[in-house]
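Engineer: any chance you could fold what I've pasted below:
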Amino acid sequence: QVQLAESGGGLVQAGGSLRLSCTASGETFSPYAMGWFRQAPGKARGFIAAIKWSGNSTYYADSVRGRFTISRDNAESTVYLQMNSLKPEDTAVYYCALKLTPSYDYTLWLTDEYNYWGQGTQVTVSP
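Structural biologist: Residues are numbered from 1 along each chain as shown. This is a model prediction of the structure:
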């Protein structure tokens, strides 16, 4: 089993920044990729960003590209999401997730492809 723990959420004004962290613990940690998703009230959980655990490949939803940056620290088993120029529509619960199995890149967008999930952290952006 792998446990994922997110931190860094909070309340910020529009235009501000937050940095989310997600640290993995548990059994031998060897993911294929890790991703960030978010879920606003009344909406489905949606893809934000993903990063492969080897190499430099990153992937972003159109809605956050250029504002959010995903990165990782392999030694610390941690993935980060730097969020800049935040907008009220970014308000949601943010989840990190871990994908074990290599596959086509498009699968990184799919919630069902991820094996483990964190508990979520609330991000609220005020106007």
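
Engineer: pLDDT at residue 27, what is it?
Structural biologist: With respect to pLDDT, residue 27 has a value of 74.

Engineer: which regions of the protein lie under the pLDDT threshold?
Structural biologist: 28-29 (pLDDT under 70).

Engineer: can you classify the most centrally placed residue in it by secondary structure?
Structural biologist: By Cα atoms, centre = their mean, the chain has its centre lying nearest to residue 36, at 1.8 Å. Assigned with DSSP: H, G, I helix; E, B strand; the rest coil, residue 36 falls in the strand class.

Engineer: does it really touch residue 45, like I thought?
Structural biologist: No - contact criterion Cβ atoms under 8 Å: residue 36 and residue 45 do not qualify, at 10.7 Å. (C-beta placed from N, C-alpha, C; glycine too.)

Engineer: overlap of the contact sets of the two?
Structural biologist: Shared contacts of residue 36 and residue 45, defined by Cβ atoms under 8 Å, 6 or more residues apart in numbering, are found at residue 95.

Engineer: ok so, going back, quick one: contacts for the nearest residue to the residue nearest to the centre of the chain once chain neighbours are set aside?
Structural biologist: Sequence neighbours aside, residue 48 is the residue nearest to residue 36 in space, at 4.3 Å (criterion: Cβ to Cβ, 6 or more residues apart in numbering). Contacts for residue 48 (Cβ under 8 Å, 6+ apart) come out as 35-38, 60-61, 64, 68, 81, 94.

Engineer: if we use 6 Å, what do you get?
Structural biologist: Taking Cβ atoms under 6 Å, 6 or more residues apart in numbering, we find residue 48 in contact with 36-38, 61, 64.

Engineer: what of residue 114?
Structural biologist: 97, 99.

Engineer: now residue 108
Structural biologist: 33, 50, 59.

Engineer: these two touch, right, the second one and residue 33?
Structural biologist: Yes - look at residue 50 against residue 33 with Cβ atoms under 6 Å: they come within range, at 5.3 Å.

Engineer: distance between the ends of stretch 59-69?
Structural biologist: In stretch 59-69, first residue to last residue: 9 Å (Cα to Cα, to the nearest Å).
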